[in-house]
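Visitor: Return a 3D structure for these sequence lines:
(one chain, ligands or ions: 1)
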Amino acid sequence: MPNTLPFTIDFAGCPADPSSDRSALLDQTRQALDRLHGWQADGTLPLLNLPAARDDLAALAPVVARWRQEAGDVLVLGIGGSSLGAQALLELRDPADQGPRIHTPDNVDPVSFRRLIDGLDWTGTRLLAVSKSGGTVETVAQLLLILDRMEAAIGRDQTAARLVVIAEPGNSPLRQIANDYGVETFDHDPDVGGRFSVLSLVGLMPAMLGGVDAVAVREGAAAVLEQAFAGGDPTGIPAAMGAVVAAGLMRHHGVSQAVQFGYVDRLARFGEWWRQLVGESLGKQGIGLAPVFARGATDQHSQLQLYLDGPRDKLVTVIEPPAEQNPAWRIRPEAAARYGVDYLSGRSLGDLIAAEARATASSLIAEGRPTICMRLDAVDARTIGALMMNAMLETILLADLLAVDPFDQPAVEKGKILTREYLAALG
Ligand SMILES: O=P(O)(O)OC[C@H]1O[C@H](O)[C@H](O)[C@@H](O)[C@@H]1O
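Guide: Numbers count the residues shown, from 1 in each chain. Okay, the predicted model is just below:
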């Protein structure tokens, strides 16, 4: 079957498990894929139907077109699953895109937040407040502070005309604000978890505001599901193999950390998004993989020593860059010869970073360190959609093998309760 995916994944750098266990893991994963395919068909897991959806994007088109026309700045207020996916997609924005500047302040550090806000012209600013629960304290606090400043500058009606809200239906603080100001709202599907929501409006509205092709993102994701649900051998399905290999390494080789060593700067935010996905989905009941993002080639000069010669507790996935198209610059042979760096003669930075990615993978494998190599055809909207769906599917399948629920995050609630108590106690 031709590879319809915009990437290939090579697991040869991972040690084999005891064959009986490997086939048991593959069987279980095969059954999980069949179950998920059934959930796609009957709508039990709406995430799996987002790649084929289009109506929701059409519903967004008028406000997106208006804001791209009118706005100088868009503030996307949200945190965690309500921001990281959008940030990853916006990394693929064309630098020449004429749309508004898009800011994603996903923290409440008073200094950096103030620095962003102080520079804004409220007339030309638009607000997109995103929160599944509608009650996340950071997002609500940011919005209340901004609404006060905006109203003082341009009045309540003009402020209301510049705010759009994405949240679950209901009576959350964010929904109350939306109703109170009478602003346009879009529903966050209650059955799509935050960290699994990038292919919904949560990720795609900010992406569309930045001119990123939302349909191409979904088409990439659809290709992954089509291949995974085509009934083929799980060893040929990257997400299935990824889950089986990781589970085997956790069981038989003491692996407790997953490192994504990405050699494409435009995918660094994808690494941050992936960190939440893996961390929150699998970190339960004393089990889990600690997700680490490393940036290639930079972190060769800070972390690689540890990965090569430290504890044998890591599974490293090296994301190799696609071949550089028409490099703008090449190192002049005369300069390379003059300074004794002939290996750089006529080379581009694309040549260099690709060679370094391969070298990192080869040296890890030579040291017997579990290593996966991911090769990309290109870095574009379709590819990131496919990478995201692959990561989500792999995480769901691995959760099944680890017998944990990938869709909740009960442990984070305690900190939120304490935060409210400590704030209230300030008197
Ligand atoms: O989308 P929200 O409800 O605002 O939640 C934003 C984030 O905060 C929560 O605390 C969870 O840890 C995340 O899974 C979630 O993505």
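
Visitor: Please make it C-alpha for all contacts and neighbour counts, starting now.
Guide: Will do.

Visitor: Please tell me how far the closest residue to H252 other than its chain neighbours sits from the ligand.
Guide: Distances taken as Cα to Cα, 6 or more residues apart in numbering place D17 nearest to H252, at 7.0 Å, with adjacent residues excluded. D17 sits 32 Å away from the ligand, going by Cα to the nearest ligand atom, to the nearest Å.

Visitor: Quick check, D17 in contact with G248.
Guide: Yes - using Cα atoms under 8 Å, D17 is in contact with G248, at 6.0 Å.

Visitor: Who has more neighbours out of these two?
Guide: Legend: neighbour count by other Cα atoms under 10 Å for D17 and G248, higher for G248 (22 against 17).

Visitor: what about the more buried one, distance to the ligand?
Guide: 27 Å.

Visitor: Show the contacting residues for that residue.
Guide: 17, 21-22 (Cα atoms under 8 Å, 6 or more residues apart in numbering).

Visitor: Swap in 7 Å and give it another go.
Guide: By Cα atoms under 7 Å, 6 or more residues apart in numbering, the residues touching G248 are D17.

Visitor: Now do the same contact list for R93.
Guide: Residues counted as contacts of R93 (Cα under 7 Å, 6+ apart) are 210-212.

Visitor: What distance do you get for the most centrally placed residue in the chain to the ligand?
Guide: Nearest to the geometric centre of the chain sits W273, at 3.1 Å (Cα atoms, centre = their mean). Separation of W273 from the ligand (Cα to the nearest ligand atom): 10 Å.

Visitor: Can you tell me the closest non-neighbouring residue to that residue?
Guide: Setting aside the residues directly before and after it, W273 is nearest to L84 in space (Cα to Cα, 6+ apart), at 5.0 Å.

Visitor: How many residues are close by M388?
Guide: By the criterion of other Cα under 10 Å, M388 has 25 neighbours.

Visitor: any bit of the helix or strand where it lies sitting next to the ligand?
Guide: Assigned by DSSP states H and E, M388 belongs to helix 381-402. No - counting by Cα under 6 Å from any ligand atom, the ligand has no neighbours in helix 381-402; the shortest distance is 13.7 Å.

Visitor: Buried ones in that helix, by neighbour count?
Guide: Across helix 381-402, burial judged by 16 or more other Cα atoms under 10 Å covers 381-402.

Visitor: Which elements pack onto that helix?
Guide: When contacts are defined as 3 or more Cα pairs under 7 Å, 6 or more residues apart in numbering; DSSP states H and E, helix 381-402 sits against helix 214-228, helix 238-252.

Visitor: Save those as CSV, and put in mean pLDDT too.
Guide: As requested, the helices and strands packed on helix 381-402 are arranged in CSV below (pLDDT from 0 to 100):
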stretch, mean pLDDT
helix 214-228, 98
helix 238-252, 97
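
Visitor: For these, give me JSON lines that also has distance to S302.
Guide: Formatted as JSON lines, the helices and strands packed on helix 381-402 follow (distance: least, Cα to Cα, whole Å):
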{"stretch": "helix 214-228", "distance to S302": "33"}
{"stretch": "helix 238-252", "distance to S302": "25"}
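
Visitor: now for the ones you listed, which one comes closest to G346?
Guide: Checking the helices and strands packed on helix 381-402 against G346 by Cα to Cα gives helix 214-228 as the closest, at 34.8 Å.

Visitor: tell me which residues in that closest one are buried?
Guide: Across helix 214-228, burial judged by 16+ other Cα under 10 Å covers 214-225, 227-228.

Visitor: ditto for stretch 196-207
Guide: Result for stretch 196-207 [16+ other Cα under 10 Å]: buried residues 196-207.

Visitor: Return it as CSV; C-alpha atoms alone will do.
Guide: This file holds the C-alpha atoms of stretch 196-207, laid out as CSV (Å, rounded to 0.1, in the frame of the first residue of the first chain):
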residue,chain,number,x,y,z
PHE,A,196,-7.1,16.7,22.1
SER,A,197,-8.9,19.8,20.8
VAL,A,198,-6.3,21.2,18.3
LEU,A,199,-8.2,20.0,15.3
SER,A,200,-11.4,21.7,16.6
LEU,A,201,-12.1,25.5,16.5
VAL,A,202,-9.8,25.8,19.6
GLY,A,203,-6.7,25.2,17.4
LEU,A,204,-8.0,26.1,14.0
MET,A,205,-9.6,29.5,14.6
PRO,A,206,-6.3,31.1,15.7
ALA,A,207,-4.6,29.2,12.8
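
Visitor: contacting residues for G346?
Guide: Residues counted as contacts of G346 (Cα under 7 Å, 6+ apart) are 330-333.

Visitor: from the residues you listed, which are also near the ligand?
Guide: The subset of the contacts of G346 within reach of the ligand, by Cα under 6 Å from any ligand atom, is empty.

Visitor: all strands of the stretch 251-400 of the chain, in order?
Guide: All strands of the stretch 251-400 of the chain, identified by DSSP state E, counting those that start in this stretch, fall at 257-262, 290-295, 314-320, 371-376.

Visitor: got the buried residues for the biggest helix by length in the chain?
Guide: Longest helix in the chain by number of residues, with DSSP state H as the criterion: helix 19-42. Burial within helix 19-42, assessed by neighbour count using 16+ other Cα under 10 Å, is assigned to 22, 25-26, 28-30, 32-34, 36-37, 39-40.

Visitor: and V316, bridged to which residues?
Guide: When assigned by DSSP bridges, V316 has beta-bridge partners V259, T371.

Visitor: The ligand versus that one, what's the distance?
Guide: Taking Cα to the nearest ligand atom as the criterion, V316 is separated from the ligand by 24 Å.
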